[in-house]
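>>> Sequence first, predicted coordinates after that:
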Amino acid sequence: MKILKIIAIILLVAFVGIQFIPTTRNQSDTVPKTDFMLVNTVPKTIQKKLQVSCYDCHSNNTQYPWYNKIQPAAWFLEDHIKEGKDELNFNEWDSLSSRRKASKLRSIIKQIEGKEMPLDSYTLIHTDAKFSKAEKEDMITFITQLKDSL
Amino acid sequence: MSIVAMLLLAVSLTNAQEKEKMNQDHGNMKMDHSKMITMKSDAKAEAILSNYLNLKDALVGDDTKKAAQEGSKLVASLKAFDASSYSKENQKELADIIEDATEHAEHIYESAIDHQREHFKILSKDITDLVAITGTKSTLYEQFCPMYDNGAAWLSTKKEVRNPYYGSRMLKCGKIQKTIQ
């Protein structure tokens, strides 16, 4: 019993302790001119879907959930956002060449089609980020058109 | 007086001619030099092509593990490519191709076979565009399978069609659409 108590105290101290380790927050007030929505004519519904389902990890501005303030969840998020932005950053869309754009658009289609994006761990809490069948079709049609127009 | 002037003129003229000739020689030398560099960097393009072809063979053989290995080798040879001997315009295009191809090769290294094949489709376009600029010693056949993902092409050194997108499921699906020499 005593040992359990000690372990509980140690865990509590560790949990409180890691809260003081700072994380970098992915937030920005400005949307650069190279943003996907600014350089392409994107219908309102598609814009909203991209914003809700993709931009949190694929842009310079994340709408953080409440649990971001708590470690170790914040680390987990930070890592995902970094990886997401490395792969694709919608804010920097227009800095890509046509070849790179075509490549990225193709990957977007494949990822959404194959239900790999948005991540399950993300839609678990962001239920509104999930794609309904109709939303999925609309998005894929739009992205395909954009790809073919390059 | 006039004779001296004429002599001077003649001398300076020949001097000028000689100078011009020297400049020309220099120009020729420069050209030879750049040719040499081009030939050298072609070896790097050949290395990329050879890694790409090995990757293609791994996919034909439905071998995910081998494809992943070849993918990582391809990443290395793409990174080693040096475009400095090409024209400014080509340099830009080549950098673009290399960046794109590297990304796809990296994904091939990390993914299961279905994904590897998806990435291989775009990679094939990149490598075809690369070879169009760098040239190659070998004769290549651009082959095409109309069934995979609305049609997909790849490069091979052999005329016989061996499909990297389907492997054993549809080994001979496809046709030659272009010969690159």
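Thanks, I have the structure now.
>>> Out of the helices and strands in chain A, which is least certain?
None of the helices or strands of chain A scores lower by mean pLDDT, DSSP states H and E than helix A:73-87, at a mean of 86.
>>> quick one: that one near chain B?
No: figure legend: helix A:73-87 not in contact with chain B (CB under 8 Å from any CB of the partner chain); closest approach 8.6 Å. Backbone N, C-alpha and C define where each C-beta goes, glycine included.
>>> so what does that helix touch, helix or strand wise?
helix A:55-58 (3 or more CB pairs under 8 Å, 6 or more residues apart in numbering or on different chains; DSSP states H and E).
>>> buried residues in the helix it packs on?
A:55-58 (16 or more other CB atoms under 10 Å in any protein chain shown).
>>> what helices or strands is it leaning on?
helix A:73-87.
>>> Give me the distance between the next helix or strand after the helix it packs on and the centre of its chain.
The helix or strand immediately downstream of helix A:73-87 is helix A:98-113, counting by DSSP states H and E. Put simply, helix A:98-113 sits 16 Å off its chain's centre (CA atoms, centre = their mean, to the nearest Å).
>>> Please point out which parts of helix A:98-113 sit buried.
A:99-112.
>>> can you narrow those to ones near chain B?
Okay, of the buried residues of helix A:98-113 touching chain B (CB under 8 Å from any CB), that's A:99-100, A:102-103, A:106, A:110.
>>> right, and out of the buried residues of helix A:55-58, which lies closest to chain B?
A:H58 (15.2 Å; CB to the nearest CB).
>>> so the closest one touches A:N89, yeah?
Yes: look at A:H58 against A:N89 with CB atoms under 8 Å: they come within range, at 6.1 Å.
>>> where's A:N40 relative to chain B, distance?
Note on A:N40: its distance to chain B, by CB to the nearest CB, to the nearest Å, is 20 Å.
>>> which residues sit in contact with that residue?
Under the criterion of CB atoms under 8 Å, 6 or more residues apart in numbering or on different chains, the contact list for A:N40 reads A:93, A:146.
>>> Report pLDDT for it.
At A:N40, the pLDDT value in this model is 88.
>>> Give the closest residue to the closest residue to chain A within chain B in space, chain neighbours not counted.
Here the residue of chain B nearest chain A is B:D96; by CB to the nearest CB that distance is 4.7 Å. Spatial nearest neighbour of B:D96, excluding adjacent residues (CB to CB, 6 or more residues apart in numbering or on different chains): A:S97 at 4.7 Å.
>>> what's around the one you found, how many residues?
16 (other CB atoms under 10 Å in any protein chain shown).
>>> Please apply the same query to A:D120.
Neighbours around A:D120, by other CB under 10 Å: 10.
>>> separation between it and chain B?
Taken as CB to the nearest CB, the span from A:D120 to chain B is 17 Å.
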